[in-house]
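A.B. asks: For reference, the sequence and a predicted model appear below.
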Amino acid sequence: MHALHRLVARTAVRRLPSLVSVLLVPFLLLLCIAPFFFVQLLAGERSASHLLRSSSRAVLNVPTYSPSTFQVQSTSTGAGIVIPLHNNMAALGVSLILELRRLNTTLPIQIYHCFSGELVDETQALLRATDPLGRVEIVDACALLLANGVFSSHWVALEYQSYLIKVLALLHTSFDQVMLMDADVIFLESPDTLWAMPGYSRTGTLFFYDRRINVPAFFNTPMVQPKGHGAKKTLLHHLYQHFPYAAFGLRQPRISNQLRASSAWQGATAHEQDSSIVLIHKARVAPVVWQVLWHLVHHLRFERAYKPGLSWGDKEYFWLAFALAGAPYAFSPFAAANVALPEDMLLHNDTLCGNLAHYIPSETETDATRLFYINGNDVLSPYWRESKMYAVAPNAPWDAKEAFLIARIPSYVTPRRTQRNQEAHRAGLNEACLVGQGARHVTDPRFRPHVVQRIKDTIAAARIVHTKPPNNWDAVAARQGRPRA
């Protein structure tokens, strides 16, 4: 019997470590994962409080927009043109400068980029030399704002390469009356016409509509709602309800008739503004608008609720800043049009699928055929990928590319209309096609020669400019002498 007790005791002793292991392993696992859940909980609480608090307590915990650090100088330098550029758009920038001067626009031009790697020195020299008036200034906004302490690091500044440099340019430029434009815009008459447009005279702003494309993306992203809680709610509605107005000394503005009637508010489009041209008279804009704009692009777009993105690139942030600040703003009274692709008239002659186009933005304009500009990257660009399946290869000789682009110059455009529509039954056509909205022949005899010259100028520049991917982080960091954090 004693032997049996001793055997049981020895067995119990041998089993003791196993029991300890069973209890210890889950405990150690819990210790490992607990910090992760704790951090996530805190992050969720911070995100929720950032969005949902409406008390007077400031919710911003980072530096806000400061005119003294953003603006080039404290005094206005009048009206001017601002063009964001990078290496792969530089050829179009050169041809745009020549086009502007042919149209007798004498305004000074500021070209904005983000660090020297985005626009190499040789191309900067070419852009300056292109202007017969010698009024081109090159501005490295990211380097300047990094030096001024606006950006906490080189790598934060790099977020503003490409699209978002347009927002930096608007905030930084010394021009009071700003005409912000993309390099692939093709003007059919002088852009100086825009300064006299009724919407600009009334509000100090002039925006243009994008195509109406009703997809569940960007500010049109659906928000989950409890059952029985009324109409569809989008990310735009969420933003309007939960924006931290108090931090800017604002109260939530009432939903204006303009906003309520918009396709964006009605959940009928994911694209409201085409930012290929933006006009703003800065002196007429309440300073809080710039605070709101900077908050949208520099802080809010990184918050969890807005991870789907409010905007494709920069384009929606302009009108959103004005709407959230309760400031007046004006859109063209006319919807976006399309120019034709070469095959459109053969395949579907009432549906055009080419680049965006816009008519003179004035409700008093009686000439319904007065086309003002084309947002014409596909019309002009000498660079394309194999996926385009063009008859001319991406590495074809420049002469062949020039002839190819000239042969594709559109000769039809969607008729002018005020109503923004999207046909739901698209028969497999691209979402950018304006289905069933018609086509009219471009009858202005100046149109084709003008576009031919623009293509020739672009190809001439493309022969000599250096192209590279704009987001060449390692190369840029090396040139700036700053290691990545």
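C.D. replies: Right, received. Where do you want to start? As the structure is a prediction and not an experimental result, all values here were calculated from the model.
A.B. asks: The closest residue in space to L194 that isn't next to it in sequence bridge partners, please.
C.D. replies: Spatial nearest neighbour of L194, chain neighbours left out: L279 (5.7 Å); criterion: C-beta to C-beta, 6 or more residues apart in numbering. Bear in mind the C-beta positions are built from the backbone N, C-alpha and C, glycine included. Bridge pairing for L279 (DSSP bridges) gives the partners M179, L206.
A.B. asks: Tell me who's in contact with L279.
C.D. replies: Contacts for L279 (C-beta atoms under 8 Å, 6 or more residues apart in numbering) come out as Q177, V178, M179, L180, L194, W195, Y200, T205, L206, F207.
A.B. asks: wait, which of those residues is closest to E137?
C.D. replies: Nearest to E137, judged by C-beta to C-beta, of the contacts of L279 is V178 at 13.8 Å.
A.B. asks: re the thing from before, okay if I get the contacts of L279 as TSV plus neighbour count?
C.D. replies: Below are those laid out as TSV (neighbours: other C-beta atoms under 10 Å):
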residue	neighbour count
Q177	19
V178	20
M179	22
L180	25
L194	19
W195	15
Y200	21
T205	22
L206	24
F207	25
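A.B. asks: Could you single out the nearest of those residues to L168?
C.D. replies: Distance to L168 across the contacts of L279 (C-beta to C-beta) is lowest for L180, with 11.0 Å.
A.B. asks: which residues does that closest one contact?
C.D. replies: V82, I83, P84, K166, A169, L170, S275, I277, V278, L279, I280.
A.B. asks: What separation is there between it and I97?
C.D. replies: Per C-beta to C-beta, to the nearest Å, L180 is found 15 Å from I97.
A.B. asks: Can I get the contacts of L180 in JSON lines including secondary structure and distance to R417?
C.D. replies: Shown next, in JSON lines, are the contacts of L180 (DSSP: H, G, I helix; E, B strand; the rest coil; distance: C-beta to C-beta, whole Å):
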{"residue": "V82", "secondary structure": "strand", "distance to R417": "30"}
{"residue": "I83", "secondary structure": "strand", "distance to R417": "29"}
{"residue": "P84", "secondary structure": "strand", "distance to R417": "30"}
{"residue": "K166", "secondary structure": "helix", "distance to R417": "27"}
{"residue": "A169", "secondary structure": "helix", "distance to R417": "32"}
{"residue": "L170", "secondary structure": "helix", "distance to R417": "29"}
{"residue": "S275", "secondary structure": "strand", "distance to R417": "21"}
{"residue": "I277", "secondary structure": "strand", "distance to R417": "19"}
{"residue": "V278", "secondary structure": "strand", "distance to R417": "22"}
{"residue": "L279", "secondary structure": "strand", "distance to R417": "22"}
{"residue": "I280", "secondary structure": "strand", "distance to R417": "26"}
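A.B. asks: Report the buried residues of stretch 126-139.
C.D. replies: L126, L127, R128, T130, D131, R135, V136, E137, I138, V139 (16 or more other C-beta atoms under 10 Å).
A.B. asks: quick revisit: possible to save the contacts of L279 as TSV with distance to H466 and pLDDT?
C.D. replies: Formatted as TSV, those follow (distance: C-beta to C-beta, whole Å; pLDDT from 0 to 100):
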residue	distance to H466	pLDDT
Q177	33	97
V178	29	98
M179	28	99
L180	25	99
L194	33	99
W195	35	98
Y200	37	99
T205	36	99
L206	35	99
F207	34	99
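A.B. asks: Does the residue nearest to the spatial centre of the chain belong to a helix, a strand or coil?
C.D. replies: Residue closest to the average C-alpha location in the chain (C-alpha atoms, centre = their mean): D314, at 2.0 Å. Classification of D314 by DSSP: H, G, I helix; E, B strand; the rest coil places it in coil.
A.B. asks: From D182, how far out is it?
C.D. replies: With distances taken as C-beta to C-beta, D314 is found 10 Å from D182.
A.B. asks: residues shared between the contacts of those two?
C.D. replies: S275.
A.B. asks: want to throw the buried residues of stretch 126-139 into TSV with distance to R417?
C.D. replies: As requested, these are arranged in TSV below (distance: C-beta to C-beta, whole Å):
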residue	distance to R417
L126	40
L127	37
R128	41
T130	37
D131	37
R135	37
V136	37
E137	39
I138	40
V139	38
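A.B. asks: can you redo the residues you listed as a markdown table with distance to R211 and secondary structure?
C.D. replies: What follows is those, written out as a markdown table (distance: C-beta to C-beta, whole Å; DSSP: H, G, I helix; E, B strand; the rest coil):
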| residue | distance to R211 | secondary structure |
| --- | --- | --- |
| L126 | 34 | helix |
| L127 | 31 | helix |
| R128 | 36 | helix |
| T130 | 32 | helix |
| D131 | 33 | coil |
| R135 | 34 | coil |
| V136 | 32 | strand |
| E137 | 33 | strand |
| I138 | 33 | strand |
| V139 | 31 | strand |
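A.B. asks: show me where the stretch 201-350 of the chain has helices.
C.D. replies: 235-242, 257-260, 287-298, 317-324, 344-347 (DSSP state H, counting those that start in this stretch).
A.B. asks: Could you pull out the helices in the stretch 1-150 of the chain for me?
C.D. replies: Under DSSP H, counting those that start in this stretch, the stretch 1-150 of the chain gives helices at 2-52, 67-70, 90-102, 121-130, 141-147.
A.B. asks: Please identify the buried residues of the last one?
C.D. replies: Read that as helix 141-147. Buried residues in helix 141-147, counted by 16+ other C-beta under 10 Å: A141, C142, A143, L144, L145, L146.
A.B. asks: residues of the helix or strand following it that come out buried?
C.D. replies: Remark: after helix 141-147, the chain's next helix or strand is helix 154-157, criterion DSSP states H and E. Under the neighbour-count criterion of 16+ other C-beta under 10 Å, helix 154-157 has H154, A157 buried.
A.B. asks: Run the chain-centre distance for helix 154-157.
C.D. replies: Distance, stretch centre to chain centre, for helix 154-157: 18 Å (C-alpha atoms, centre = their mean, to the nearest Å).
A.B. asks: do stretch 418-426 as well
C.D. replies: For stretch 418-426, the separation from the chain centroid amounts to 23 Å (computed by C-alpha atoms, centre = their mean).
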